[in-house]
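# can you look at this prediction? I've put the sequence above it.
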Amino acid sequence: MDTNANFTNAKLINSDFRGAHLTDTCWEGVEKLYLAQSDKFKVPKKLFF
């Protein structure tokens, strides 16, 4: 399933992105993304916009 998710200014402390197919996703201002679980991508500790 494709998503057009908007995580603007979200705190993603307990997020689980395993199996997610994220497309056209806004990550602006996201905090604690490095704590999210994922199986297909490495989440950087710092995002650059």
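Perfect, thanks for sending it.

# can you list the weak-confidence ranges in this structure?
1-2, 40-49 (pLDDT under 70).

# center of this protein - which residue?
Residue closest to the average C-alpha location in the chain (C-alpha atoms, centre = their mean): Leu33, at 5.8 Å.

# Phe17: neighbour count?
For Phe17, the count of nearby residues is 17 (other C-beta atoms under 10 Å). (C-beta placed from N, C-alpha, C; glycine too.)

# look up the closest residue to it, ignoring the ones flanking it.
In space, and not counting its chain neighbours, Phe17 is closest to Ser38: 4.4 Å by C-beta to C-beta, 6 or more residues apart in numbering.

# the residue nearest to the centre of the chain contacts Ile13, correct?
No. Taking C-beta atoms under 8 Å as the definition, Leu33 is not a contact partner of Ile13, at 9.4 Å.

# please identify every residue contacting each of these two.
Common contacts of Leu33 and Ile13 (C-beta atoms under 8 Å, 6 or more residues apart in numbering): none found.

# ok, which stretches of this structure are strands?
Applying DSSP state E to the chain gives strands spanning 2-3, 21-22.

# quick one, what contacts Asn14?
Each residue near Asn14 by C-beta under 8 Å, 6+ apart is listed here: Leu35.

# and Asn9, what does it touch?
Here Asn9 is in contact with Glu28, Gly29, Val30, Glu31 (C-beta under 8 Å, 6+ apart).

# which of the residues you listed are buried?
Val30 (16 or more other C-beta atoms under 10 Å).

# mind listing which of the contacts of Asn9 are in helices?
Using DSSP state H to define helices, no part of those is located there.
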